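Student: sequence unknown, structure follows:
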């Protein structure tokens, strides 16, 4: 259930946000335990699960994060969701020069970014580097769509979900 | 009376002019940016939770069929003679062939920042400013053939490998399948590098620039590409008589795909039409 970030420079400080946004770690342990015993079928009904746990759990020891400068761009990534549930519920927040890069996951566990939507990459870092490859000089990401990191994955019905 | 969608390489000068004019008008009216937003909004990947209407899903074809019909409706409100042409990328394979001409979509992006500077959709014209983009870039970008690591468009035989599939789609109805017409055409492969892009996906990559991202609709070639993809669905139906859209019925509550995909008679957002209602569109349009 741990996403491999093979070959990634690990051990960079997770951005402070990841530690503080969840506030006090209340319920985290309990959620971990609950998560461990949730049957697979219930995990498929993720909205229920998502609603019942904090969006930003404290990273656990051993959690991976990355921070690097790639082709002059500052890439930072850290896990934001609890590590206790299925792989489907592992979320990453990745930024490029401080702007959020929206990532999505494929069923095979690989990652796509908003910049590069028609292929996927083995890790969030690889997806982030591929996105940087596509940015022109001085071009910056725009925060377009609420992604898994903000808890909003479904934008059905709403006609105004994605204003830039 | 059904109208005709033509091969873009056969359009007359007048037809090209009218198509371009209608596109620019739809953009001017603000309608075009709604299409860009809709496409972003309905891109749910198959490793996420939630209904997948547009990609990595059986309804990839009917969803885009309806999406094209909506754009075509908007174009035809401007000029009732206009239809969406298709780009046969198995034949028009270079960065200078149709549709990349000055009188239609304009050419490749320039080297420094991939900005398209030729044709009616160049930023400099003032008529095609990107408002709903993945980045803050306001100009259309292209990197035809991916200059830094050149690649080719999908070949006829790659397309044939999709058309030869006798079954529309299979469980688990996602991007991990190695068989079935829909995913072979949509083009989610396994492995890394260029082998992982096929057919539909590979074309998005080959065009590059904005066509690569969630806001790919910002490049007008999106429609010409998807018209050709749509044509493949009709060709596949003719070849495999009686083959239908699948799944016919929704996966049961025990299936991980329950509530995530759209069965033949289920309603497809945002239009609330069924895939079944889009299987036969011969009364609306045909391909020449």
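Tutor: Looks like it arrived, so ask away. As the structure is a prediction and not an experimental result, all values here were calculated from the model.

Student: neighbours around the residue of chain A found nearest chain B, how many?
Tutor: As assessed by C-beta to the nearest C-beta, chain B sits closest to residue A:105 within chain A, at 3.1 Å. To be clear about C-beta, it is placed using only N, CA and C from the backbone, and glycine gets the same treatment. By the criterion of other C-beta atoms under 10 Å in any protein chain shown, residue A:105 has 24 neighbours.

Student: I'd say it and residue A:113 touch.
Tutor: No - if you go by C-beta atoms under 8 Å, residue A:105 and residue A:113 don't touch, sitting 11.0 Å apart.

Student: re earlier: phi, psi of the residue of chain A closest to chain B?
Tutor: phi -110, psi 140 (degrees, to the nearest 10).

Student: cool, residue B:157 as well?
Tutor: phi -70, psi -30.

Student: if we ignore the residues flanking it in sequence, what's nearest the residue of chain A closest to chain B?
Tutor: Of all residues not flanking residue A:105 in the chain, residue B:47 sits nearest, at 3.1 Å (C-beta to C-beta, 6 or more residues apart in numbering or on different chains).

Student: doesn't that neighbour belong to a helix?
Tutor: No - with DSSP: H, G, I helix; E, B strand; the rest coil as the criterion, residue B:47 is assigned coil and is not in a helix.

Student: which ones are touching it?
Tutor: Listed by C-beta atoms under 8 Å, 6 or more residues apart in numbering or on different chains, the contact set of residue B:47 reads A:88, A:104, A:105, A:106, A:107, A:108, A:109, A:110.

Student: next, format those residues as CSV and append pLDDT and secondary structure.
Tutor: Supplementary listing: the contacts of residue B:47 in CSV, determined by pLDDT from 0 to 100; DSSP: H, G, I helix; E, B strand; the rest coil:
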residue, pLDDT, secondary structure
A:88, 61, helix
A:104, 94, strand
A:105, 93, strand
A:106, 94, coil
A:107, 94, coil
A:108, 92, coil
A:109, 91, coil
A:110, 93, coil
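
Student: buried among these? Need that as a selection in ChimeraX.
Tutor: Command for ChimeraX that selects the buried part of these, burial taken from 16 or more other C-beta atoms under 10 Å in any protein chain shown:
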select /A:88,104,105,106,107,109,110
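
Student: wait, which of the contacts of residue B:47 is closest to residue B:217?
Tutor: Residue B:217 lies nearest to residue A:104 out of the contacts of residue B:47, by C-beta to C-beta, at 17.4 Å.

Student: isn't the closest one right next to residue B:49, touching?
Tutor: No - assessed by C-beta under 8 Å, residue A:104 is found out of contact with residue B:49, at 11.2 Å.

Student: overlap in contacts of those two?
Tutor: Counting by C-beta under 8 Å, 6+ apart, nothing touches both residue A:104 and residue B:49.

Student: which parts of the stretch 1-150 of chain B sit against chain A?
Tutor: Residues of the stretch 1-150 of chain B lying near chain A by C-beta under 8 Å from any C-beta of the partner chain: B:37, B:40-51, B:56, B:112-115, B:131-137, B:141.

Student: for PyMOL, write the select line for the buried members of the residues you listed.
Tutor: To isolate the buried ones among the residues of the stretch 1-150 of chain B next to chain A in PyMOL, judged by 16+ other C-beta under 10 Å, type:
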select buried, chain B and resi 37+40+41+42+43+44+45+46+47+48+49+50+51+56+114+115+132+133+134+135+137+141
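
Student: the residues of the stretch 1-150 of chain B next to chain A in helices, which ones?
Tutor: With helices defined by DSSP state H, the entries of these inside them are B:37, B:40, B:41.

Student: can you list these in a markdown table and add pLDDT?
Tutor: Shown next, in a markdown table, are these (pLDDT from 0 to 100):
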| residue | pLDDT |
| --- | --- |
| B:37 | 96 |
| B:40 | 95 |
| B:41 | 95 |
